[in-house]
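Student: how would this look folded up:
(2 chains)
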2 protein chains.
Amino acid sequence: MIKIDFEKMGGLVPAIIQDYQTNEVLMVAFLDEKALNLTLETGKTWFFSRSRNKYWMKGEQSGNTQEVREVFTDCDADALVIKVKQNGGAACHTGNRSCFYVHWENGAWVEHSEPLFDPDEVYKK
Amino acid sequence: MIKIDFEKMGGLVPAIIQDYQTNEVLMVAFLDEKALNLTLETGKTWFFSRSRNKYWMKGEQSGNTQEVREVFTDCDADALVIKVKQNGGAACHTGNRSCFYVHWENGAWVEHSEPLFDPDEVYKK
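Tutor: Next up, the predicted model:
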């Protein structure tokens, strides 16, 4: 029976969050066993924040939740691919559709930021 | 100027290797600064193996190299997406096209292995 190998990285595995229709990579986040169980049980993506040391449901503040469509693991069972329907259009806290909007061009990283919402509005206190 | 944040994870960043045409995720691997520079300079993917403690060019043994088409980083500059042309058809050491051939179904992980080559043949000593 396959079990996810959380030990290799101190309790965490990286998860690639991918659009279920276009396969666009929206973001990368880390899950521990509890976050994976919450994700599988609720059908929404849950992560563990290493910097804030807490569990969070993606979209709990912005409303841009992610509905889980399919979950895969890899040959070593130490990484996940989670295919989702992204609510609200944008996955990134910057307002961009994807977090991967920085492109390597002629020897430098170039931002192609096209935010779909204003982070200051969405994440205001 | 954007610089990749290798510090957050002890010198490494996770890289998602994605088919440049279909956006299929082929594998996840880790790069340190030297592996990233080798990848950008040679146009082939280079990784750092945590278990073997060495640099390796993907395909150096199997011949299934990956030609780099585009490289992205994310909003925090702590992860990479590398879009590649996969030579030899398969990215996974099991002979599967993608490493992510294990699917969550009705409460269990189910393997959908359809190897394109025989690993015992390809990786024989």
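Student: going forward, measure contacts and count neighbours with C-alpha atoms only.
Tutor: Noted.
Student: Look through chain A and tell me its longest helix.
Tutor: Criterion DSSP state H: the longest helix present in chain A is helix A:33-42.
Student: Please report the distance of A:Asp5 from chain B.
Tutor: When Cα to the nearest Cα, to the nearest Å is applied, the distance between A:Asp5 and chain B equals 13 Å.
Student: about what we covered before: which secondary structure elements does the longest helix of chain A contact?
Tutor: Taking 3 or more Cα pairs under 8 Å, 6 or more residues apart in numbering or on different chains; DSSP states H and E as the contact definition, the neighbouring helices and strands of helix A:33-42 are strand A:46-49.
Student: in the strand it packs on, what's buried?
Tutor: When burial is assessed from 16 or more other Cα atoms under 10 Å in any protein chain shown, strand A:46-49 yields the following buried residues: A:Trp46, A:Phe47, A:Phe48.
Student: before we move on, what about stretch A:109-123?
Tutor: Residues of stretch A:109-123 classed as buried: A:Trp109, A:Val110, A:Glu111, A:Ser113, A:Phe117 (neighbour count, 16+ other Cα under 10 Å).
Student: Of those, which are in range of chain B?
Tutor: Filtering the buried residues of stretch A:109-123 for neighbours of chain B using Cα under 8 Å from any Cα of the partner chain leaves A:Trp109.
Student: Can you add distance to A:Ala77, pLDDT and secondary structure and give the buried residues of stretch A:109-123 back as a markdown table?
Tutor: Shown next, in a markdown table, are the buried residues of stretch A:109-123 (distance: Cα to Cα, whole Å; pLDDT from 0 to 100; DSSP: H, G, I helix; E, B strand; the rest coil):
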| residue | distance to A:Ala77 | pLDDT | secondary structure |
| --- | --- | --- | --- |
| A:Trp109 | 32 | 98 | strand |
| A:Val110 | 34 | 98 | strand |
| A:Glu111 | 33 | 97 | strand |
| A:Ser113 | 33 | 96 | coil |
| A:Phe117 | 35 | 92 | coil |
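Student: Return the member of the buried residues of stretch A:109-123 nearest to chain B.
Tutor: When those are compared for distance to chain B (Cα to the nearest Cα), A:Trp109 comes out closest, at 6.1 Å.
Student: That closest one contacts B:Ile2, correct?
Tutor: Yes: counting by Cα atoms under 8 Å, A:Trp109 does reach B:Ile2; the two are 6.1 Å apart.
Student: Let's see the pLDDT reported for the residue nearest to A:Thr94 when sequence neighbours are not counted.
Tutor: Leaving aside its sequence neighbours, A:Thr94 sits nearest to A:Pro119 (Cα to Cα, 6 or more residues apart in numbering or on different chains; 5.8 Å). The score at A:Pro119 is 91. That number is its pLDDT.
Student: Wait, a strand at A:Gly63?
Tutor: No: assessed with DSSP: H, G, I helix; E, B strand; the rest coil, A:Gly63 is coil; it does not lie in a strand.
Student: On the pLDDT front, check the residue nearest to A:Trp46 when sequence neighbours are not counted for me.
Tutor: The shortest distance from A:Trp46 to any residue other than its chain neighbours is 4.3 Å, reached at A:Met57 (Cα to Cα, 6+ apart). Predicted confidence (pLDDT) for A:Met57: 97.
Student: what residues does chain A put near chain B?
Tutor: For chain A, the residues in contact with chain B (Cα under 8 Å from any Cα) are A:1-3, A:14, A:16, A:22-24, A:27-28, A:70-75, A:79-81, A:92, A:94, A:99-104, A:109.
Student: buried subset of these?
Tutor: Among the residues of chain A next to chain B, those that count as buried by neighbour count (16+ other Cα under 10 Å) are A:14, A:16, A:23-24, A:27-28, A:70-75, A:79-81, A:92, A:94, A:99-103, A:109.
Student: Sweet, I'm off.
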